[in-house]
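Engineer: return atomic coordinates for the entry below.
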Amino acid sequence: MLDHAVAVADARVTPGYTGLLDSFALSLRVEGLRPHTVSCYLRDARRLGEHSAWLPVAKLRVEHVKSYLDCLSERVAPNTVAEAQFGLRRFFRYLIAEGEIEADPIVAIKPVKYRVSPQPTYSPVEVSQLIKVCDSSTANGVRDRAIITVLFDTGVRVGELISMGIPD
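Structural biologist: So this is what the prediction gives:
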């Protein structure tokens with residue numbers, strides 16, 4: 001009930017903005033993006049709308065985006081700001097493709113730079129030790145051995161490994 005009231009209030013403030021968010025979400029889903037990615041992109045587009053007092057998208061300028069990103073950078077890590085920039089870039093590209101805006105207000109903003117900690121590496125000896133610990137006489141041991149082997153032989157991410165099934 002409360003979500004509906006918020007949606008109605010948003011619609012009263014800017015009937016076009018929330019509708020554009022809905023169609024942006026649909027567009028992202030049709031492209032096959034994961035639900036988490038879609039929700040992150042929508043969150044940043046919605047927060048920009050809130051920050052800019054729900055200005056119509058045609059009136060959003062680089063100053064509004066910079067102000068939003070500046071406020072965001074006071075609360076979150078630089079990599080989160082960079083992710084927000086990425087989502088907003090996607091939102092503005094969508095708006096241009098739909099003919100809602102003519103120019104991309106975020107194009108003049110340089111992406112936030114941040115340091116990425118290198119992933120730890122394991123020597124072949126350490127990988128062998130991990131595999132030896134797996135008890136192949138149990139179902140869990142066979143599973144653990146398969147997980148370790150797939151991780152180190154293919155380099156897949158943990159999230160990709162978790163989403164794998166028997167055919168994979």
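Engineer: ok, now which ones touch the residue nearest the centre of the chain?
Structural biologist: Centroid-nearest residue in the chain, with Cα atoms, centre = their mean: Thr37, separated by 4.0 Å. By Cβ atoms under 8 Å, 6 or more residues apart in numbering, Thr37 lies in contact with Leu28. Backbone N, C-alpha and C define where each C-beta goes, glycine included.
Engineer: and it, helix, strand or coil?
Structural biologist: Secondary structure, DSSP: H, G, I helix; E, B strand; the rest coil: Thr37 is helix.
Engineer: only C-alpha atoms, please: export whichever strand or helix holds Leu72 in CSV.
Structural biologist: Assigning secondary structure by DSSP states H and E places Leu72 in helix 62-73. What follows is helix 62-73, C-alpha atoms only, in CSV (Å, rounded to 0.1, in the frame of the first residue of the first chain):
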residue,chain,number,x,y,z
VAL,A,62,25.3,18.4,-16.3
GLU,A,63,25.1,20.4,-13.1
HIS,A,64,22.3,18.3,-11.8
VAL,A,65,24.2,15.1,-12.5
LYS,A,66,27.4,16.5,-10.9
SER,A,67,25.6,17.6,-7.9
TYR,A,68,24.0,14.1,-7.4
LEU,A,69,27.3,12.4,-7.9
ASP,A,70,29.0,14.8,-5.5
CYS,A,71,26.4,14.1,-2.8
LEU,A,72,26.7,10.3,-3.5
SER,A,73,30.5,10.5,-3.1
